[in-house]
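Peer 1: the sequence and its predicted three-dimensional model are supplied below.
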Amino acid sequence: MTTTFCTSGAAILKAGAGISGAAILGNWDSLINQAESYINVMTRYNYIDNFAGLNADVKLILEEAASNLAAIYAINYDYSGITTRIEAEDRINVLWARLQQCLSLLKDQQSDTYIKGA
């Protein structure tokens, strides 16, 4: 299954140095697909099926949200290569906070017409 919202490169950059090589090799599409499905369910809108009709701004918000969540998954998978557990938790907290902001924008009813291109 191919990814829609982002590439593995975006998630790898956000996960940062020291994440497990096993998380990178062959698993990024799965992590990103999980993130994309999570975003669809949380926003109660199937952005994957309607992606082509979205404007560029909304696509970038979806890219940010999906890459943030995929990076969180990768960090959680094995953070033994990261200097300290506190550093791993800090990375996750920053990514999680921004993910929540993106989801808030995507769920905002006042943005609905803009997001769905009507």
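Peer 2: Sure, I can see it.

Peer 1: now the residue nearest the centre of the chain. Nearest residue, chain neighbours left out?
Peer 2: Centroid-nearest residue in the chain, with CA atoms, centre = their mean: Ala66, separated by 1.7 Å. Closest residue in space to Ala66, ignoring its immediate chain neighbours: Phe5 at 3.9 Å, by CB to CB, 6 or more residues apart in numbering. The way it works is simple: take the backbone N, C-alpha and C, and place the C-beta from them, glycine included.

Peer 1: and for the one you found, the neighbour number?
Peer 2: 25 (other CB atoms under 10 Å).

Peer 1: and what about it, helix, strand or coil?
Peer 2: coil (DSSP: H, G, I helix; E, B strand; the rest coil).

Peer 1: where's it relative to Trp96, distance?
Peer 2: Distance of Phe5 to Trp96, given as CB to CB, to the nearest Å: 17 Å.

Peer 1: repeat that for Leu62.
Peer 2: In terms of CB to CB, Leu62 sits 17 Å off from Trp96.

Peer 1: those two: which is more packed in?
Peer 2: Using other CB under 10 Å as the criterion, Leu62 and Trp96 rank with Leu62 on top: 25 against 13.

Peer 1: tell me who's in contact with the more buried one.
Peer 2: Leu62 is in contact with 5-6, 36, 39, 47, 51, 54, 102, 106, counting by CB atoms under 8 Å, 6 or more residues apart in numbering.
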